[in-house]
Structures are given as C-alpha cells and as structure tokens.
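Asker: here's my sequence, what's the structure:
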Amino acid sequence: EPKKKAAFGSVGRRIPYRILHVINQHGESLGNMHRAEALKLMDQHDLKLVLLRENAEPPVYRLMTGQQIHEEQLKRAEKKKASPNPGMYIKELSFSSAIAKNDLETKTKQIAQWLEKKYHVKITIRQAK
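Answerer: Model prediction:
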C-alpha cells in the first residue's frame, strides 16, 4: 500500500532525521542543527515544528505558532479547491431544440443521476431546422 502523505501540521516530537535545516517563525534560516537542539528551541519559544521539504538534504523544518499552521492549512485547502481534481468527470449531453417530450424526460433523468454522482454536466442544445 503506498505511503500516504501526511497532512500539513505539527510533527510534534516524532522527527526521524538527526540533522535538520530549521527556519524560525519569521522565515529566517537558523541553519542546520541536531534534532535535540531543534526540539529545545521549540520548547523554549512555545512553537511547533512543521516539516516543509522532506526531499531536501537535510530536511527543512519550520518553527510555527498554532495560528501560522492554521493559516497555512487554510491556504493549502484553497489551492486544492481551485485546482481541478484528476478524478473529476465531465459528462456532456447534446440534443436538438425540437426534442420530443419523452426523450427530454429521459435525458433529464440521466442528468439527475450524473449530478447525484457529483459529475459535472455540460449540456448543448442544437437549434432545429
């Protein structure tokens, strides 16, 4: 089973790396330090450590307040809403303006089913001759 990416938030005291690159709450780099030093800083300033970039060498952590973490989570949620989901389906339906009543009812039921399944529906109406 693929490893799920953790949600953005405080990592607490669970830091698997010995050497970290730490950034303070104002965005200034504090340089590389041992995890014990980073935890001591975290406790002294009553902040939380947040993993920013795991792939970097050494991994980058930032000291943040609870408010900063909350704001960052909101920003990421907005970005996620704005970008289209790869699993989103768009159903397209086109029919003539001279469609029979029966056919129109059938297509309306189909559209209702697609909307229940959270599909996006695009309807095109062609003008009859």
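
Asker: going forward, measure contacts between C-alpha atoms and count neighbours the same way
Answerer: Will do.

Asker: nearest residue to the middle of this structure?
Answerer: What sits nearest the mean C-alpha location of the chain, by C-alpha atoms, centre = their mean, is Lys80, with 4.1 Å.

Asker: quick one: which helix or strand includes it?
Answerer: Here Lys80, judged by DSSP states H and E, is contained in helix 66-82.

Asker: quick revisit: quick one: residues contacting the residue nearest to the centre of the chain.
Answerer: Residues in contact with Lys80 (C-alpha atoms under 8 Å, 6 or more residues apart in numbering): none are found.

Asker: and the pLDDT at it?
Answerer: pLDDT recorded at Lys80 is 76.

Asker: now swap in Lys118 and tell me
Answerer: Here, the pLDDT recorded for Lys118 equals 83.

Asker: ranges for the strands of the protein?
Answerer: Taking DSSP state E to define them, one finds strands in the chain at 19-23, 29-34, 48-53, 60-64, 90-96, 120-126.

Asker: chain center to the second one, what's the gap?
Answerer: Put simply, strand 29-34 sits 28 Å off its chain's centre (C-alpha atoms, centre = their mean, to the nearest Å).

Asker: in it, what counts as buried?
Answerer: Asn32 (16 or more other C-alpha atoms under 10 Å).
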